[in-house]
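*Asks:* Kindly return the folded structure for what I paste below:
(chains A and B)
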2 protein chains.
Amino acid sequence: MQTVAIVGVGLIGGSFGLALKKAGFSGQILGVSSDRTLRQALDRGAIDEGLPLAGAAARADLIYLSQPIGRILDTLHHIDPLVRPQALIADAGSTKGAIVSLARTTVRHCQFLGGHPLAGREKRGVGAADADLFAGRAYVLTPTDSRELETPAARAFIDWVRRIGAVPVVLNPEEHDRIIGFTSHLAQLASTALAATIAEHIEPEHSLNVAGPGLADTTRLALSSYDLWRDILATNTESIEQALTAYINKLDHLRENLRTRQMQEEFEKAGELAAKVRR
Amino acid sequence: MQTVAIVGVGLIGGSFGLALKKAGFSGQILGVSSDRTLRQALDRGAIDEGLPLAGAAARADLIYLSQPIGRILDTLHHIDPLVRPQALIADAGSTKGAIVSLARTTVRHCQFLGGHPLAGREKRGVGAADADLFAGRAYVLTPTDSRELETPAARAFIDWVRRIGAVPVVLNPEEHDRIIGFTSHLAQLASTALAATIAEHIEPEHSLNVAGPGLADTTRLALSSYDLWRDILATNTESIEQALTAYINKLDHLRENLRTRQMQEEFEKAGELAAKVRR
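*Replies:* Modelled structure (predicted):
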């Protein structure tokens, strides 16, 4: 792996470039983004050169799609004629079913391997990029056949995933989307729904003052921008519906058992999971 | 206000003692708790003397009930014969309807004033007490008639509430319980339900790895002990049922609008509230 093209040099793409360099990658890192973002990315040292997609794809051994999901789908519609046959296209989109399924029909001249680094932070953009963003975090890879992980291009890529400190986890796209529907998308909507419910039922001066410190934690995700979530909700709708249904059923159960010992069981089950999430 | 009896010297009671001293209170602070807790509280300097309820009540100008809700209700059943007529009984229970309504029938020889300091932290007990716990936080007072705030004993108490850095907010007990049902109790159950739902639907190894960093925030309250919540759920059942119903309706609305522009409105409404909570 000598030349990497990062398409979409935002928080994830910029961090990937910085992380590769920190881990000792000595090849060329090309960036494909708006002119303004490319200037920022060059300043930060996240890329070595900015150029249009066609020029970058023609030179790259790894084409790393770290755009928003909708833009990744757009790119997959027209990238195939631009790539080198030994190249690997990898993506970092946070839903996998739609992307992997499209790539299977549009990418024919080189290999595609879907992925999702479980890394993020509140701030967006290359300005917030961090060489350590992936360190200690899971990096889900979603081949549709495990042999996709054994090609030379995939082996080289996964080797760098490990070198930047991430922990590869292999799931098929549907498993990924089901799990993440609960652990990320449901968590987001639970927080958004809580904040929206309080906004509608409680006078503003009281929702700010007459609240425990825990409200800040539970509404933190509600700060997320809809821009990022539109594509997620549109491409993982079925899993999210299932997760919401399970959550609503659980809330119904709690409502019916506010004064029974069932509640103790639920608190204990929930406390165990919350403690594990922190380990 | 010369002598204060803190009944239940845990996180809140211990912090109240430390805060009074830091604010310049030069009278006596008596503590009523288990022997072990009294020793700890004396070591921390949160109280000056530990003794049984009858002895403490006989000397106190302010009797500060900072026990769990169920214990406050117990104390209110038998404290009346023990008090001095000029004394004020104040409580720090986190639901107010049941406590204030019981106090109206059982406390006849001195004044009672309900209250709820909006302060807390994950750790419990006098070991976690902090002289600055109340600083900058709302301190809800719940008179059933505003004239209760104008007695000499109440004025002296409220003056000290201000001096420890808290911000008095006056609400009637029902308003308090309705508001806190959304901003604290619903937030708790949303977090508990989320963690319990994930525990039931996702294999343990995935719920830990394949999750964004936001899951730690949204499940932090799920670490809370059921011990504390049993009394809250039992004494604010109706408000919590209403808050849960509103929340379930909102989640239903989101589930039906995952791909529509309604979702953008909800994200914006929620984001505004979440930003205000942080100011």
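*Asks:* domain ranges for chain A?
*Replies:* Following automatic domain parsing, chain A resolves into domains at A:3-171, A:175-277.
*Asks:* start to end distance for the longest one?
*Replies:* Okay, so that is domain A:3-171. 27 Å (C-alpha to C-alpha, to the nearest Å).
*Asks:* What's the mean pLDDT across it?
*Replies:* Averaging pLDDT along domain A:3-171 yields 97.
*Asks:* Next: the last one.
*Replies:* Over the span of domain A:175-277, the pLDDT mean works out to 94.
*Asks:* thinking again about what came up before, distance to B:L228 and mean neighbour count for the domains of chain A - can I get that in CSV?
*Replies:* (Glycine included, C-beta is placed from N, CA and C.) Below are the domains of chain A laid out as CSV (distance: least, C-beta to C-beta, whole Å; neighbours: other C-beta atoms under 10 Å in any protein chain shown):
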stretch, distance to B:L228, mean neighbour count
domain A:3-171, 30, 19
domain A:175-277, 10, 21
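*Asks:* In TSV: those domains, plus distance to chain B.
*Replies:* Below are the domains of chain A laid out as TSV (distance: least, C-beta to the nearest C-beta, whole Å):
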stretch	distance to chain B
domain A:3-171	4
domain A:175-277	4
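*Asks:* Any idea which of the ones you listed gets closest to B:E266?
*Replies:* Proximity to B:E266 (C-beta to C-beta) singles out domain A:175-277 among the domains of chain A, at 5.0 Å.
*Asks:* first to last residue in that closest one, what's the distance?
*Replies:* End to end - C-alpha to C-alpha - domain A:175-277 spans 19 Å.
*Asks:* what distance separates it from the centre of its chain?
*Replies:* From the chain centre to the centre of domain A:175-277 is a distance of 19 Å (C-alpha atoms, centre = their mean, to the nearest Å).
*Asks:* And the host helix or strand of A:G55, what does it pack against?
*Replies:* Following DSSP states H and E, one finds A:G55 within helix A:53-59. Helices and strands touching helix A:53-59, by 3 or more C-beta pairs under 8 Å, 6 or more residues apart in numbering or on different chains; DSSP states H and E, are strand A:3-7, strand A:28-32.
*Asks:* A:F157: what secondary structure?
*Replies:* Of the three states, A:F157 takes helix under DSSP: H, G, I helix; E, B strand; the rest coil.
*Asks:* show me what contacts it?
*Replies:* By C-beta atoms under 8 Å, 6 or more residues apart in numbering or on different chains, the residues touching A:F157 are A:1, A:62, A:88, A:90, A:113.
*Asks:* So what sits opposite the second one in the bridge?
*Replies:* On the basis of DSSP bridges, A:L62 is bridged to A:V4, A:L88.
*Asks:* got it, and the last one?
*Replies:* For A:L113, the beta-bridge partners under DSSP bridges are A:A90.
*Asks:* What backbone torsions are found at A:E49?
*Replies:* Per-residue torsions, A:E49: phi -160, psi 140 (degrees, to the nearest 10).
*Asks:* you'd agree it is up against A:Q28?
*Replies:* Yes: contact criterion C-beta atoms under 8 Å: A:E49 and A:Q28 qualify, at 6.8 Å.
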